[in-house]
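*Asks:* I need the structure of the sequence given here:
(one chain, ligands or ions: 2)
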Amino acid sequence: MASRMAEEKAITVCVRLRPLSRKEALGGAMQDHWKTDNNTIYQVDGSISFNFDRVFLNNESTENVYEEIAVPIIDSAMQGYNGTIFAYGQTASGKTYTMIGSKDDLGIIPRAIHDIFNKVKKFPDREFLLRVSYMEIYNETITDLLCDTQKMKPLIIREDFSRNPYVGDLTEEVVYTPEMALKWITKGEKNRHYRVTKTNQRSSRSHAIFRMILESREKDEPSNCEGSVKVSHLVSVDEP
Ligand code: ADP
Ligand code: MG
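*Replies:* Residues are numbered from 1 along each chain as shown. Ligands and ions are numbered 1, 2, ... in the order given. Okay, the predicted model is just below:
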């Protein structure tokens, strides 16, 4: 997971171990081959080892991961720093479990959405405008997941006046409640399935990029005073 934090450290890389599935356990998988020691994970025979900023063991919850890794990124996004949370790993390693989760055990994205709306209340002198966008990258093609399926067309990467790249024509929806944001995610997921089925593409090679745009300004400043406006992007990337 990578992040741009307000502190010195710009990137945090951690690994989350998940419990073995029944089938894996019966087959005597992995756990016999890998051991952990603090933030190192190594093969029992000593041949390979990897160091991380943090190793989350299989008895640690998504809440642990969220509090330790995501909260600092969200706090800096509230203050105007861009942040990205990226889950990477092979199929069935636990990316969706960690990022999306379930109704009973929310993943990082829904937790972040609820948290951001709560944290807005802690900045009573700032006025927030929150927007979401959701796109998919497959091969070189970018698709808007929030527009209606019949309007779906490949989007183009453009540059603004400061030569910062952006995706042209990407839908950005203003959200006033966590429920609204979550509804847009559901719509995006539906579009994604529709598109994958229709074009017969293997979804495992696509990346879905959900972005929350946090814009805030000081309440007492006149609206034409650009200096008080902060805009940051909180991005999360999931492979299916
Ligand atoms: P991925 O998205 O990387 O392909 P999933 O998130 O779908 O993988 O996880 C694969 C399976 O393992 C799912 O059945 C999921 O519920 C389970 N799983 C993943 N991580 C954990 C965990 N930390 N604790 C319990 N079950 C988990
Ligand atoms: Mg998945």
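*Asks:* and residue 50, what does it touch?
*Replies:* By C-beta atoms under 8 Å, 6 or more residues apart in numbering, the contact set of residue 50 is 15, 40-42. For every residue, glycine as well, the C-beta is placed using N, CA and C.
*Asks:* that one: what secondary structure?
*Replies:* Secondary structure state of residue 50, per DSSP: H, G, I helix; E, B strand; the rest coil, is strand.
*Asks:* and residue 10, by the same measure?
*Replies:* Residue 10 is classified as coil under three-state DSSP.
*Asks:* can you get me a residue count around it?
*Replies:* 10 (other C-beta atoms under 10 Å).
*Asks:* any chance of the contacts of residue 50 in TSV, plus secondary structure and neighbour count?
*Replies:* Listed next are these as TSV, based on DSSP: H, G, I helix; E, B strand; the rest coil; neighbours: other C-beta atoms under 10 Å:
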residue	secondary structure	neighbour count
15	strand	19
40	strand	12
41	strand	17
42	strand	16
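*Asks:* between those residues, which sits nearest residue 190?
*Replies:* Taking C-beta to C-beta as the measure, residue 190 lies nearest residue 15 of the contacts of residue 50, at 31.3 Å.
*Asks:* so what pLDDT did the closest one get?
*Replies:* Residue 15 carries a pLDDT score of 95 in this model.
*Asks:* distance of it from ligand 1?
*Replies:* 12 Å (C-beta to the nearest ligand atom, to the nearest Å).
*Asks:* repeat for residue 147
*Replies:* 25 Å.
*Asks:* would that residue count as being in a strand?
*Replies:* No. Residue 147 is assigned coil when assessed by three-state DSSP, not a strand.
*Asks:* ok, and the closest non-adjacent residue to it?
*Replies:* Computed as C-beta to C-beta, 6 or more residues apart in numbering, the closest residue to residue 147 that is not its neighbour in sequence is residue 171, at 5.2 Å.
*Asks:* which ones are touching the one you found?
*Replies:* 133, 144, 146-147.
*Asks:* quick one: least confident helix or strand in this protein?
*Replies:* helix 22-26 (a mean of 83; mean pLDDT, DSSP states H and E).
*Asks:* in a strand, the residue nearest to residue 147, correct?
*Replies:* No. Read with three-state DSSP, residue 171 is coil and lies in no strand.
*Asks:* which element follows the least confident helix or strand of the chain toward the C-terminus?
*Replies:* Using DSSP states H and E, the helix or strand that follows helix 22-26 towards the C-terminus is strand 34-37.
*Asks:* pairing partners for that next one, with directions?
*Replies:* strand 40-43 (antiparallel) (DSSP bridges).
*Asks:* so how far is the partner strand from its chain's centroid?
*Replies:* Distance, stretch centre to chain centre, for strand 40-43: 26 Å (C-alpha atoms, centre = their mean, to the nearest Å).
*Asks:* pLDDT weak spots in the chain?
*Replies:* Scanning the chain for pLDDT under 70 picks out the ranges 1-8, 28-32, 200-204, 223-227, 240.
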